[in-house]
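In: Give the three-dimensional model of this entry:
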Amino acid sequence: MTSASNPSPLPARELAGIEPSPERVYDRPFFLLCGGTVLFMASFGMLLPELPAHLAAMGGEAYLGGVVGMFTLAAFLARFISGRIADRAGRRKVMLVGSAVTAVAGFGYLVATTIATFMMLRFFHGLSTGFRPPGTSAMLTDRIPKQRRGEALGYLGVAGNAGMAAGPALGSWLTVEWGIEWMFVASALLGMVSVALTLPLEETLPKSRPVNRSDFNLLDGGLIDPNAWPAALVLLPVALAFGIYLTITPDFVDHLGYVYKGSFNTIIVVSSIAMRFIAGRMSDRHGRIPILLAGTALMSLGMVVLGSAETKGVATLGALLYGASIGINMPTVFAWTTDLAQPGKIALALGTMLMALEVGIGAGAVYSGMRFQGAIERIPELYCVGGFGTAIAAVALLPPLLKGRRS
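Out: The predicted model follows:
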């Protein structure tokens, strides 16, 4: 494991002799990137609080873990090609695919009236997050100087969190007041606008080219960047906790008496946004590992508080702690991954790291869905399982932190 102060491979534009200018970080392309990200995240995020109840109404309560599991499985598989395409053919192409998929999926939910078609659509929808995030992060990394990666990726995370804050709140309101069909239409429309904001962006990959058949040949070139494994392994238990959270929290907040279930998610996202304004910059100054240690420890505490909550007040405290931990961890692990990446393979490294995210979310979702089965009394146990996993991650970060300080 290395710290932020260690030498790191150069982004693609630096390899091409184009040094990003610190003065040009926050310009029109940056705001188009962020705007497209806000709408993309809102498009699929608005579905999360309401889909479990929708599936249960279809008679599929036994498949609750599949709401998250099928989505993350598709995202995981998409990582095997999305990073390769982004590094070979261009960042913008994979971003457009991701936004287009979420637009199509929104309309698809209107006609997915059986459990089988619903699960197939969840798999298709998962391809969106397998494509858009690696391309977006790689394009932003191309455009910024390496000493400001954490800061800029933190601000991109603010955009993503803004979408995740507004999306569930809007989705729950539409479902309660107008019906779930209107939420699906709104999700599709937001995806379409995300495509529209991505189209004007100039490609940042030097010598970009059309996608060709060899890009889909998994035997041609590497599938992962092994340099990214340290970041991926730290992210794994964080993602497992997130999978547990996504699966059981809609029933948890319903049990506590929330009418608009998305409003609880908004508390978490707002807390995350607040931390993202400072966490990325802190990791640029103090190194990735100490900031990740603080974030994983805070996540463990937040999960335990959520598990012990019997009132809205305690649940809100747990949500604030958990949200803050996400705001610390995510921009830091993204920046650490770009530090570790091999030259010219930033998107592949990001895809490798995000595979761990999908594996963790999927495992957490499947485990908690099978264990939960609608039994409210098991919720504290499941939250504490997530807290235990992140506590292990925090402990695992201590030896490299101490080694770095001694050296």
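In: Which parts of this structure are strands?
Out: For the chain, strands defined by DSSP state E do not occur.
In: Could you list the low-pLDDT ranges of it?
Out: Scanning the chain with the threshold set as pLDDT under 70 gives 1-25, 219-222, 259-262, 404-407.
In: can you do 50?
Out: Across the chain, the stretches falling below the confidence threshold (pLDDT under 50) are 1-18, 21-22, 407.
In: And stretch 255-274, what's buried?
Out: Going by neighbour count (16 or more other CB atoms under 10 Å), the buried part of stretch 255-274 is 256, 258, 260-274. In this view, the C-beta of every residue, glycine as well, is placed from N, C-alpha and C.
In: Equivalent analysis for stretch 165-180, please.
Out: 165, 166, 167, 168, 169, 170, 171, 172, 173, 174, 175, 180.
In: same thing with stretch 135-152?
Out: 135-146, 148-152.
In: got the contact list for residue 26?
Out: By CB atoms under 8 Å, 6 or more residues apart in numbering, the contact set of residue 26 is residue 155.
In: brain fart, residue 72
Out: Going by CB under 8 Å, 6+ apart, residue 72 touches 126, 243, 358, 359, 361, 362, 365.
In: swap in residue 268?
Out: Contact criterion CB under 8 Å, 6+ apart gives 319, 320, 322, 323, 326 as the residues in contact with residue 268.
In: Recalculate using a threshold of 10 Å.
Out: For residue 268, the contacting residues are 161, 164-165, 168, 245, 249, 302, 306, 316, 318-327, taking CB atoms under 10 Å, 6 or more residues apart in numbering as the criterion.
In: now do residue 194
Out: Neighbouring residues of residue 194 by CB under 10 Å, 6+ apart: 35-43, 95-96, 98-100, 102-103, 128, 132, 163.
In: now swap in residue 223 and tell me
Out: For residue 223, the contacting residues are 79, 80, 81, 83, 84, 348, 351, 352, 355, taking CB under 10 Å, 6+ apart as the criterion.
In: Looking at neighbours, which among those is most surrounded?
Out: Looking at the contacts of residue 223 with neighbours defined as other CB atoms under 10 Å, the largest count falls to residue 351 at 34 neighbours.
In: For it, give me its contacts.
Out: If a contact means CB under 10 Å, 6+ apart, then residue 351 has 76, 78-87, 94, 130-131, 133-135, 137-138, 223-225, 228, 337, 345 as its contacts.
In: Take those residues and keep only those in helices.
Out: 76, 78-87, 94, 130-131, 133-135, 137-138, 337 (DSSP state H).
In: Surely residue 139 is in contact with residue 86?
Out: Yes. Under the criterion of CB atoms under 10 Å, residue 139 is in contact with residue 86, at a separation of 8.3 Å.
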